[in-house]
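In: Here is my input, please return the structure:
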Amino acid sequence: MRNFLSPPGLAAVLLCLSLGPIVSPVASAQGTAAPAPAPVWVQVPAQEPPSALTLEAALALATAQNPTLSAARIELDSTEGGITQARVIPNPEIAVQMEDTRAATRATTGQVNLPIELGGKRSARIGAANRARDVAQAQLGTTQADLRASVIGAFFNVLVAQERVRLAAGSVDIATRGANAAARRVAAGKISPVEETKAQVELANAQIERSEADAALVAARQSLATLWGNPSPRFTEADGNLDALPARPQATMLRQSLDGAPALLASERELDRRQAEINVQRSRQYPDVTVSVGAKRDNSSPERGTYPVLGVAIPLPLFDRNQGNLYTAIRQADKAADELRATRLRLDHDLQQASSQLEVSRSSALSLRETVLPAAERAYQAASQGFEAGKFNYLEVLDAQRTLFQARIRYLGVVANSWQAATTIDRILGR
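Out: Numbering: from 1, shown residues only. Model (predicted):
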């Protein structure tokens, strides 16, 4: 005890205690292993094929390489650190006090101060950290649902753009044949040169539409490939069935699944986290107790002995009772409750709108495919054959051609609207 309380010995003990947690790399390798770092999400890059791309391959690429999804996974993993930190207890404190520097009259006191948390602070912290992990988990589910819906929507946008290019190319071919036929009939003196000029104008318009369709396809391909972090797509085409119209249950059945919507779950978890924060702030209204245990050596006393030192420190909550932080936490929880109600109303509205849009678009697509398109094709074939036989003028051929092209473009538009509505439903419900 005498050596311990001498100034050099006490300083050495304090130095050892303060340096205790520090472990050199060599010591870690030879002795006790250092704690393993927290697991990190490691992604295995998927290879984008330099050929036709299926929807399943696009979903796999986006799941493996989308940076937003990766960030959500890392955010979830990072919450484990918050839980670990919430579980720790306060560190003890070691203190040394020396009165007088002369050896004959010096009094040296060494003590350990141990903070003791009261009011359930530790359990409240752990609860809040767990709720933060639940929020990150729900946000990951929302990100996954958004990404899947975005991939499906972008994939079918590429299919629509590819079909539009094909239709535009066919329109150019039709306009070219019409212009050639008009030129032959003008040369034969059967029609006015004005008809040939109109045919050339129609050909120029068709070529412009082809250029616009090509540009739209490039943009659609880039939008799809960007979802897995590739600004320069390598796939040659999207391989899918554009005529396979999506089907979803009726709106009344879809609304029954709304409670499991990822965005709604995320709002509910955020409300839970805010309520857990209230418990944290309320627990901080209780002051902590600090217990001190130590020894004192007084050389100035006649006995020149060592005496035990005991102490207790309790803060007096006269002014700061954490009332401001508690009020803020309560109001933030009220805000989260209102946001939850707003989210439910918004999702319910969006779900009904998407369901109605899907129903209308499916009906329009089926009507166009089964009635309008066949009739427009028959009308164009009849007008073309009649023009070749000299029964119709070229204006009638142009009118039939425009009708057919507009019907096909209209069909592509309602198909795209159908898939957009279906992916909106899937995004809301997390399917």
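In: List the contacts of Ala145.
Out: Applying CB atoms under 8 Å, 6 or more residues apart in numbering to Ala145 gives the contacts Pro262, Asp426, Arg427, Leu429, Gly430, Arg431. Every residue, glycine included, has its C-beta placed from N, CA and C.
In: For burial, what's the neighbour tally of the residue nearest to Asp298 when sequence neighbours are not counted?
Out: Residue nearest to Asp298 in three dimensions, not counting chain neighbours: Ala107, with 4.4 Å by CB to CB, 6 or more residues apart in numbering. Using other CB atoms under 10 Å, Ala107 has 14 neighbouring residues.
In: and Ala107, what are its bridge partners?
Out: Assessed by DSSP bridges, Ala107 has beta-bridge partners Glu99, Asp298.
In: helices and strands around the helix or strand that contains Gln332, which ones?
Out: Under DSSP states H and E, the secondary-structure element containing Gln332 is helix 323-367. Contacts defined by 3 or more CB pairs under 8 Å, 6 or more residues apart in numbering; DSSP states H and E place helix 323-367 against helix 251-255, helix 262-283, helix 394-429.
In: Output the contacting helices and strands for the first one.
Out: Just to be clear, that refers to helix 251-255. Checked by 3+ CB pairs under 8 Å, 6+ apart, helix 251-255 has helix 323-367 packed alongside it.
In: can you rerun that using 10 Å?
Out: Contacts defined by 3 or more CB pairs under 10 Å, 6 or more residues apart in numbering; DSSP states H and E place helix 251-255 against helix 323-367, helix 394-429.
In: Could you report the pLDDT at the most centrally placed residue in the chain?
Out: Against the mean C-alpha coordinate of the chain, by CA atoms, centre = their mean, the closest residue is Thr143 at 3.2 Å. If you check Thr143, the pLDDT there is 92.
In: So the residue lying closest to it once chain neighbours are set aside versus Gln137, what's the distance?
Out: Distances taken as CB to CB, 6+ apart place Ala72 nearest to Thr143, at 4.2 Å, with adjacent residues excluded. Look at Ala72 and Gln137: by CB to CB, to the nearest Å, they are 9 Å apart.
In: Likewise for Arg321?
Out: Counting by CB to CB, the gap between Arg321 and Gln137 amounts to 34 Å.
In: Tell me which of those two has more neighbours.
Out: Gln137 (17 against 13).
In: contacting residues for that one?
Out: With contact set as CB atoms under 10 Å, 6 or more residues apart in numbering, Gln137 has these partners: Ala72, Glu75, Leu76, Thr79, Leu265, Ala266, Arg269.
In: One more: Ser301?
Out: Ser301 touches Thr105, Ala107, Tyr307, counting by CB under 10 Å, 6+ apart.
In: Helix or strand: which one has the last one?
Out: Which is Tyr307. In this assignment (DSSP H and E), Tyr307 forms part of strand 306-313.
In: strands paired with that strand, and their directions?
Out: Strand 306-313 has these strand partners (DSSP bridges): strand 289-298 (antiparallel).
In: count of neighbours near Gly153?
Out: Gly153: 20 neighbours (other CB under 10 Å).
In: OK, contacts around the closest residue to it other than its chain neighbours?
Out: Once flanking residues are discounted, Gly153 sits nearest to Thr423: 4.3 Å by CB to CB, 6+ apart. Contacts here follow CB under 10 Å, 6+ apart; on that basis Thr423 touches 146, 148-156, 246, 354, 358, 431.
In: do the same with Ala400
Out: By CB under 10 Å, 6+ apart, the neighbours of Ala400 are 174, 376-384, 386-387, 392.
In: These into JSON lines, with extra columns for neighbour count and pLDDT?
Out: Formatted as JSON lines, the contacts of Ala400 follow (neighbours: other CB atoms under 10 Å; pLDDT from 0 to 100):
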{"residue": "Ile174", "neighbour count": "20", "pLDDT": "79"}
{"residue": "Ala376", "neighbour count": "22", "pLDDT": "88"}
{"residue": "Glu377", "neighbour count": "15", "pLDDT": "86"}
{"residue": "Arg378", "neighbour count": "12", "pLDDT": "88"}
{"residue": "Ala379", "neighbour count": "17", "pLDDT": "87"}
{"residue": "Tyr380", "neighbour count": "20", "pLDDT": "82"}
{"residue": "Gln381", "neighbour count": "12", "pLDDT": "85"}
{"residue": "Ala382", "neighbour count": "15", "pLDDT": "85"}
{"residue": "Ala383", "neighbour count": "23", "pLDDT": "82"}
{"residue": "Ser384", "neighbour count": "19", "pLDDT": "78"}
{"residue": "Gly386", "neighbour count": "15", "pLDDT": "81"}
{"residue": "Phe387", "neighbour count": "23", "pLDDT": "71"}
{"residue": "Phe392", "neighbour count": "17", "pLDDT": "71"}
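In: Just the ones in helices from those, please.
Out: Residues of the contacts of Ala400 located in helices (DSSP state H): Ile174, Ala376, Glu377, Arg378, Ala379, Tyr380, Gln381, Ala382, Ala383, Ser384, Gly386, Phe387.
In: ok, the second one - contacts?
Out: With CB under 10 Å, 6+ apart as the criterion, the residues that contact Ala376 are Leu368, Ala400, Gln401, Arg402, Thr403, Leu404, Phe405, Gln406, Ala407, Arg408, Arg410, Tyr411.
In: Give me the PyMOL select line for those residues, limited to the buried ones.
Out: The buried subset of the contacts of Ala376, as determined by 16 or more other CB atoms under 10 Å, is captured in PyMOL by this line:
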select buried, resi 368+400+401+403+404+405+407+408+410+411
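In: Tell me the one among the contacts of Ala376 nearest to Lys335.
Out: Closest approach to Lys335 among the contacts of Ala376 (CB to CB): Arg410, at 46.0 Å.
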